[in-house]
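>>> sequence and predicted model, in that order:
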Amino acid sequence: MAEIPATRVRAQTVVLARTCYILSQAALQQLFPRFLTPKPDGWDIGGKCGFLFVGINIILVFYCFYRLPETMGRTFGEIDILFQNRVTARLFKSTVVDGKPSAGESCSLSEFEADRVQEPFDLHGGLEIKETQEVTHSEYQVKR
């Protein structure tokens, strides 16, 4: 999963994911003994606590299907271009990226894909992507 986020936010994404994992594990370590302990001291749910995990996993399967992009066969540069152009997760696999990104070179989506992407907006602490069809790595501007 570490290759899915855009390069410029990869470290923050990994830290956020690891923090969520640690917090959820701490919560489960507190709840599991209560689930399995008999009535006077615990909740005596026993094996029925598995339904909690089934419900959580069903929700996560739908989230992963609609929100995680398919990056197989894509370079890190292509993934960055797709994120910069706000391509939705379902379109990652079929979107054609024209050219390869390198320092200062511009790359763009084909005209067909450019019509189907979302408009860019500020997500990352003052960094803004210019609203052009061609995106380069040098087009970031810091808002004042």
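Structure's in. What do you need?
>>> could you point out the longest helix in the chain?
For the chain, the helix with the greatest residue count under DSSP state H is helix 10-36.
>>> list the buried ones in that helix?
Buried residues in helix 10-36, counting neighbours by 16 or more other C-beta atoms under 10 Å, are found at residue 35. The way it works is simple: take the backbone N, C-alpha and C, and place the C-beta from them, glycine included.
>>> now do it, average pLDDT.
Mean pLDDT, taken over the full extent of helix 10-36, equals 92.
>>> touching the helix or strand just after that helix from outside, list them.
Next in sequence after helix 10-36, counting helices and strands by DSSP states H and E, comes helix 50-67. Contact with helix 50-67 is made by 89, 90, as judged by C-beta atoms under 8 Å, 6 or more residues apart in numbering.
>>> so helix 50-67 versus helix 10-36, what angle?
Counting by axes from the mean of the first three to the mean of the last three C-alpha atoms, to 10 degrees, helix 50-67 lies at 160 degrees to helix 10-36.
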